[in-house]
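Asker: Next comes the sequence, and after it the predicted model I'd like to discuss.
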Amino acid sequence: DTEVTQTPKHLVMGMTNKKSLKCEQHMGHRAMYWYKQKAKKPPELMFVYSYEKLSINESVPSRFSPECPNSSLLNLHLHALQPEDSALYLCASSPKAGDTEAFFGQGTRLTVV
Amino acid sequence: GESVGLHLPTLSVQEGDNSIINCAYSNSASDYFIWYKQESGKGPQFIIDIRSNMDKRQGQRVTVLLNKTVKHLSLQIAATQPGDSAVYFCAENKGTYKYIFGTGTRLKVLA
């Protein structure tokens, strides 16, 4: 299994809603990532978990709250988002830091109304 | 007028010709580089990687060249096919968990 699976594929939420994005991998990778991608732009790193601990937070607003319940799962909890938060949210995983590729999921297309 | 960043650089190539996509990276300490392909509505897909102790690496129909002197990376695709149409990103890493992506190039293959 060389897949990173993200659910849901599409999500529309209001600015007062609370929702969660989910990501799962069964490759035994110990690093998991959240990226945000706006149209026609490259993915931008948001968070990195290493061995289930938060390693990097790229100054992301607190309305985005990551969680890593175990080595296979990564969640992104969303609350009080703004329309400008609408984007493709990508999850990725890698075996370890650096010199190895990161495997990406297909993303969740989020629209905030 | 247009805002900076709303339009990706685009390379149009005739089917069967070779494509060369370029990338300038920012950090001279980066020691690992990856090329990703991203099709519309999908996540980035790994194509090929190269470490800083190499100048060239070849895969199936793809070659990556690394010039550390000028911090430049290129991806060469031989005999470009319609299925190669996508946005291509280079990404750099310096032994940490941070993969930093370049701005991307859209490749259009003309029939």
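Answerer: Perfect, thanks for sending it.
Asker: CA atoms for contacts and neighbours, from now on please.
Answerer: Will do.
Asker: For the nearest residue to A:H26 once chain neighbours are set aside, list the residues it contacts.
Answerer: Excluding the flanking residues, the one nearest A:H26 by Cα to Cα, 6 or more residues apart in numbering or on different chains is A:S72, at 5.9 Å. Residues counted as contacts of A:S72 (Cα atoms under 8 Å, 6 or more residues apart in numbering or on different chains) are A:E24, A:Q25, A:H26, A:G28, A:H29.
Asker: Spell out which parts of chain A neighbour chain B.
Answerer: Residues of chain A lying close to chain B (Cα under 8 Å from any Cα of the partner chain) are A:31, A:39-45, A:48, A:90, A:96-107.
Asker: Just the ones in strands from these, please.
Answerer: Within the residues of chain A next to chain B, residues falling in strands by DSSP state E are A:A31, A:E44, A:L45, A:V48, A:L90, A:F103, A:F104.
Asker: Among these, which pair sits farthest apart?
Answerer: For those, the farthest-apart pair by Cα to Cα is A:A31 and A:E44; their separation is 16.4 Å.
Asker: Does stretch B:61-72 reach chain A?
Answerer: No. Stretch B:61-72 stays clear of chain A (Cα under 8 Å from any Cα), getting no nearer than 14.9 Å.
Asker: Just the buried residues of that stretch, please?
Answerer: For stretch B:61-72, the neighbour count (16 or more other Cα atoms under 10 Å in any protein chain shown) marks B:V62, B:T63, B:V64, B:L65, B:L66, B:K68 as buried.
Asker: what packs against the least confident helix or strand in chain B by mean pLDDT?
Answerer: Here the helix or strand of chain B ranked lowest by mean pLDDT, DSSP states H and E is strand B:100-101, holding a mean of 90. On a contact count with 3 or more Cα pairs under 8 Å, 6 or more residues apart in numbering or on different chains; DSSP states H and E, strand B:100-101 meets strand A:44-50, strand B:86-93.
Asker: let's see 7 Å
Answerer: In terms of contacts (3 or more Cα pairs under 7 Å, 6 or more residues apart in numbering or on different chains; DSSP states H and E), strand B:100-101 is packed against strand B:86-93.
Asker: Paired strands for the strand it packs on, with orientation please.
Answerer: Strand pairing for strand B:86-93, determined by DSSP bridges: strand B:32-38 (antiparallel), strand B:100-101 (antiparallel), strand B:105-110 (antiparallel).
Asker: ok now that strand, how far from the chain's centre?
Answerer: 5 Å (Cα atoms, centre = their mean, to the nearest Å).
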